[in-house]
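>>> Just need the structure, nothing else, for what follows:
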Amino acid sequence: MEFTAKPEVLPPRLKRGGKLFDDENLDMLSHILDDFLKIPGTSIRFGLDGIVGVIPGIGDVIGGIASCIIIVAAWMRGVSYVTLARMVANVGIEVVVGSVPVVGDMFDIAWRANRRNYALLAGSLAQPRKHTIQSWVFLIVLCVVLAGLVLLPMLLVAWMAEHVLRTIGMDMHRLFAM
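A predicted model of the protein is given here:
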C-alpha cells in the first residue's frame, strides 16, 4: 500500500475579511506614503513619497507607481470614472511638479496626493453624487489652467514677434501676404 500526501494550500492571511483593498489598509498606505514622519518642533509631516521623491530622475516615478495602488483599489470598488480621472490628475500633478528639484520636493510634501485620493475614495463611496460633481469641477478648472499654460506662451511669442516686426518697419499682414 502506497501512501501519497497532498500538500494543503492555505489562502494568505489578510485582515478584516481578507480584503487587500479595504479601508484600513488603504488609509495606512496613504499615511505611510504622505505623512507618517514629522519634523520635530514643526507641523510639517511627510512620508515615503517625499523621501523617495528626492532621488533625481526616478524618485517621483516610483512614488507615482506606489500611488497607483489607491487608484486601482478605487477602480475595483466601483468609484465613478470622473473621480478616478481626478485621482489620476492628483498623482500626475504630484509626479510632474515633484520632478522639479527642491521646489518640487516641497510641493510633493505639501500636495499629499495619496491622502487626497484616499479621501476621494472614501467620500465617493459614501456620497457618490457629491464627489462626482466636485470631480467634474476640479477637472474643468484643471483643463482651463492647462489650456492657459499652453496658450499664454503662444500669445506672448506672437506679441513679441509683432513688436519686433513693427520695430523694424514690417507689418504682420504684409509678412504673411508675401
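>>> When you work out contacts or count neighbours from here on, use the C-alpha atoms and nothing else.
Noted.
>>> show me the contacts for residue 37.
45, 46, 47 (Cα atoms under 8 Å, 6 or more residues apart in numbering).
>>> check contacts around the first one.
Right, the one you point to is residue 45. 34, 35, 36, 37, 38, 39, 109.
>>> what's the nearest residue to it if we skip its chain neighbours?
With sequence-adjacent residues excluded and distances taken as Cα to Cα, 6 or more residues apart in numbering, residue 45 is closest to residue 38, at 4.3 Å.
>>> contacting residues for the one you found?
44, 45, 46.
>>> could those residues go into JSON lines alongside distance to residue 101?
Putting these into JSON lines (distance: Cα to Cα, whole Å) gives the following:
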{"residue": "44", "distance to residue 101": "19"}
{"residue": "45", "distance to residue 101": "19"}
{"residue": "46", "distance to residue 101": "17"}
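>>> quick revisit: any chance of the contacts of residue 37 in JSON lines with secondary structure as columns?
Supplementary listing: the contacts of residue 37 in JSON lines, determined by DSSP: H, G, I helix; E, B strand; the rest coil:
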{"residue": "45", "secondary structure": "strand"}
{"residue": "46", "secondary structure": "strand"}
{"residue": "47", "secondary structure": "coil"}
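>>> of all those, which comes closest to residue 24?
Ranked by distance to residue 24 (Cα to Cα), the contacts of residue 37 are led by residue 47 at 17.4 Å.
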